[in-house]
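Student: I'd like to go over a predicted model; first the sequence, then the structure.
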Amino acid sequence: MDTVPEDIIVKFLQHTASGEETERLNQWLKEHEDHSVLFYRMQEIMDSSHRMNREDIVRSWDKLYGRISHVMPESPVAGKYPPSLLPSRFRQWIRYAAAIMIGFAVAWHVWKHPSESVIYNMVYNRQGTQKLTLPDSSVVWLGSNSNIGYPEHFRTDRRQVTLTGKAYFDVQKNSEHPFVVQSGNVEVIVTGTEFEMERTDAGSLIVTLVSGAVSVKAENNAGIPAHVRLTPGQQAHVDKSGETIRLKTIDPEYYAAWKDGSYRFTNETIEKIAEQLAKHYRVKVRIAGSLKGKRFTGRVMPDQQIEEVMKNIGASHPVKYRITAEGIFISEK
Amino acid sequence: MLYLEDNRLDAFRRMYEEYVSGLIRFAKRYIPADAAEDLVQNIFMELWESGKMPDSNSAASYLFVSVRNRCINHLKQEEVRNAFVDRAAFEILQRGLYYLDSVEKVIMEEEQWQQICHQIEHLPEKCRRIFMLSYFEDKKSHEIAEMLHLSIRTVEHHLYLGLKTLREKLTSGNRQAH
């Protein structure tokens, strides 16, 4: 083995070999099986110095936990908790029980270490829209059949939450501690903004930006990342595999108007209201000429049928409506 | 509201913490560092989502084989994407992956690592110093040469000798583990 390119082996292991040197090493490795045995064994030894310390391992677990926490076992095993923690937990229970009427919340804690524990909240909303305030005062409107997970206290470097389903976020500005929403293989990184996120039944993810700026990072199954920055009024569609991100232009006003699942209008023109209803219920709305410019005040509740909505509108000004194959026609009573 | 101590999660976490360092280190040989952690995390995420957990005997080989296979895929995709930018480096890395006929070889356990540290202590003084700077402090040859007033060639020679000696010591005396 007198042709051993020893300086090249060392350079390659230090990641400083040139293309030419790499080529030479490659030739040498091909020459004889023993060369490979020697080289790859050396590589192993060299690599073994790059070990993760305990802190990095814990950090890495936290990151993984953020990604898996929305997938919990079907029938979790009820377990023990230290008696000393019970009272505060119980208070928390009361708080949630009072605050959440439609959905239900499950919280569990993870014992990181005998001495320190992280309390993780999982909130599931079955129906309607549920408003939540996160530990950093950011506000989330959680859509129906949706699930959000967040720690009781955010970590110092980033505010990470997990989402399945649909939610509208109003994030507290804090550029030093980015707010990160993880949904499957997609990460949305925010510094302070209003946006909506929805995982569709087909598995694709829709991120709609109303104001501010967000970054959407997706990753396909092979771990190849894709990245896009949204500007207000843009919507990103990430397909199920994380392979492609398509951009669409949308009307941010619509998303802002419906953020908590309900739509409030105060002294608003009927044209504007009709426009919102048309988008929301995906119907055509036509207005009789005599009604144009008339103003209404009212509220559309989540999951309300359009018939009911029309009745509500009729409360502030007498109107009648007809639902036809072409859509809805609103006229004066 | 339920308060749960999820035993399954605990076991999953223990498995993650036991292997993550070795798996990431292994993946980093072949793919960039940030991609390496993500690749390892994806394996665990899919494992968790599948609801299946390998038993403790087969966990190590299951995990390393998964990392290895994904690294091969990653390199293949890189190969296509970068249109053979660095053909030779690519071949060396890929051959390294196929060369791993037994994944157990890769699992550098604590014990084995301590063996390495122990053997480093027994290297000749000059070689030991140079090796430690490179191994523990990630210094490049030219930096070490500058620090110790030596030629780069001399530094590289000692590093090579150090690695070769360690390899021989580790393969001759301490392989009765399996």
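Tutor: In hand now; what should we look at?
Student: Residue ranges of each domain in the chain, please.
Tutor: Because you didn't say which chain, this covers chain A. Here the domain parsing of chain A from automatic domain parsing is A:6-47, A:68-254, A:262-332.
Student: Sorry, I should have been clearer: chain B.
Tutor: According to automatic domain parsing, the ranges for chain B are B:7-106, B:110-173.
Student: any weak-confidence spans in the stretch 101-250 of chain A?
Tutor: Low-confidence segments of the stretch 101-250 of chain A (pLDDT under 70): A:101-118, A:192.
Student: Which single residue of the stretch 151-300 of chain A ends up nearest chain B?
Tutor: Going by C-beta to the nearest C-beta, chain B is nearest to A:Gly223 of the stretch 151-300 of chain A, at 4.7 Å. Yep, even glycine has a C-beta here, placed from its N, CA and C like the rest.
Student: from memory that residue sits against B:His74, does it?
Tutor: Yes. Counting by C-beta atoms under 8 Å, B:His74 is a contact partner of A:Gly223 at 6.2 Å.
Student: So if I had to pick from the two, which one is more boxed in?
Tutor: Taking neighbours as other C-beta atoms under 10 Å in any protein chain shown, A:Gly223 and B:His74 compare with A:Gly223 leading, 25 against 20.
Student: Pull the contacting residues for A:Asp56.
Tutor: B:Ser21 (C-beta atoms under 8 Å, 6 or more residues apart in numbering or on different chains).
Student: Alpha carbons of the helix or strand containing it, as CSV, please.
Tutor: Taking DSSP states H and E as the criterion, A:Asp56 maps to helix A:54-68. Extracted in CSV, the C-alpha atoms of helix A:54-68 (Å, rounded to 0.1, in the frame of the first residue of the first chain):
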residue,chain,number,x,y,z
ARG,A,54,-27.3,15.8,26.5
GLU,A,55,-28.6,19.3,25.9
ASP,A,56,-28.6,18.9,22.1
ILE,A,57,-30.4,15.6,22.5
VAL,A,58,-33.1,17.1,24.6
ARG,A,59,-33.5,20.0,22.2
SER,A,60,-33.7,17.6,19.3
TRP,A,61,-36.4,15.6,21.1
ASP,A,62,-38.4,18.8,21.8
LYS,A,63,-38.3,19.4,18.1
LEU,A,64,-39.5,15.9,17.3
TYR,A,65,-42.1,16.1,20.0
GLY,A,66,-43.5,19.3,18.4
ARG,A,67,-44.0,17.3,15.2
ILE,A,68,-45.6,14.1,16.7
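Student: Please state the offset of it from the chain centre?
Tutor: Computed by C-alpha atoms, centre = their mean, to the nearest Å, the separation of helix A:54-68 from the middle of its chain amounts to 18 Å.
Student: now stretch A:8-19
Tutor: With C-alpha atoms, centre = their mean, you get 42 Å for stretch A:8-19.
Student: cool, and stretch A:15-35?
Tutor: How far stretch A:15-35 lies from its chain's middle: 46 Å, per C-alpha atoms, centre = their mean.
Student: That one close to chain B?
Tutor: Yes. Using C-beta under 8 Å from any C-beta of the partner chain, stretch A:15-35 reaches chain B at A:16-17, A:19, A:22-23, A:25-26, A:29.
Student: wait, what's in contact with the nearest residue to B:Trp48 once chain neighbours are set aside?
Tutor: Of all residues not flanking B:Trp48 in the chain, A:Ile68 sits nearest, at 4.6 Å (C-beta to C-beta, 6 or more residues apart in numbering or on different chains). Residues near A:Ile68 by C-beta under 8 Å, 6+ apart: B:44-45, B:48-49.
Student: Could you rerun that using 10 Å?
Tutor: Contacts here follow C-beta atoms under 10 Å, 6 or more residues apart in numbering or on different chains; on that basis A:Ile68 touches A:149, A:162, A:182, B:9, B:12, B:16, B:41, B:44-49.
Student: Same check on B:Arg129?
Tutor: Each residue near B:Arg129 by C-beta under 10 Å, 6+ apart is listed here: B:123, B:144, B:147-148, B:158, B:162.
Student: gap between it and chain A?
Tutor: Distance, B:Arg129 to chain A, by C-beta to the nearest C-beta, to the nearest Å: 15 Å.
Student: Could you check how far the residue nearest to B:Trp48 is from A:Met46?
Tutor: Distance of A:Ile68 to A:Met46, computed by C-beta to C-beta, to the nearest Å: 33 Å.
Student: Against B:Ser50, how distant is A:Arg67?
Tutor: 14 Å.
Student: The most centrally placed residue in chain B sits in which helix or strand?
Tutor: Closest to where the C-alpha atoms of chain B average out (C-alpha atoms, centre = their mean) is B:Phe26, at 3.1 Å. Element membership of B:Phe26 [criterion: DSSP H and E] is helix B:7-28.
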